[in-house]
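A.B. asks: For reference, the sequence and a predicted model appear below.
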Amino acid sequence: SDFGQSEDPKLRYMRYASYFILVTFTIPLPFILVRVVGKNKPAGSLENPDIAYDVDGEKVAFDDKLYNRLVNQDPNQLKCPYRSLYKGFERKWANYKIYQLLYKVTLVLLMSV
């Protein structure tokens, strides 16, 4: 008998539980992580994200070098539990691990259909 057509209540409950986990955890997780990374990664000034200010108040370019220095040395970043998601990547690739997650989830979903 086909798994989808099974009358066994235990299998039916397992199938419903897997749908519930898929809808409530697996699908929303990448979107939640994108929002969390965007909120916690270092950013430039509010007026211009490509400009930051040093300790003397002087404008400096907020480039990948400054971004990586902040990720690796800023006390606020060192305490951030999500830092491992964007540490080691350039600013524009901060969501790379999330892209990998989406790719893998898509492959699993396509293979299971």
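C.D. replies: Perfect, I can see it now.
A.B. asks: what mean pLDDT does the helix or strand harbouring residue 104 have?
C.D. replies: Using DSSP states H and E, residue 104 sits within helix 96-112. For helix 96-112, the mean pLDDT works out to 92.
A.B. asks: all numbers from here: first residue = 878
C.D. replies: Taking 878 as the first residue, the last one we looked at is helix 973-989.
A.B. asks: May I see the buried residues of that helix?
C.D. replies: 974, 975, 978, 979 (16 or more other C-beta atoms under 10 Å). Just so you know, the C-beta spots here come from the backbone N, C-alpha and C atoms, and that holds for glycine as well.
A.B. asks: same thing with stretch 942-953?
C.D. replies: Using 16+ other C-beta under 10 Å as the test for burial, stretch 942-953 gives 943, 944, 945, 947, 948.
A.B. asks: what do you get for stretch 920-927?
C.D. replies: Within stretch 920-927, the residues that qualify as buried are residue 921, counting by 16+ other C-beta under 10 Å.
A.B. asks: List the contacts of it.
C.D. replies: Outside of stretch 920-927, the residues within contact range by C-beta atoms under 8 Å, 6 or more residues apart in numbering are 928, 929, 930, 938, 939, 940.
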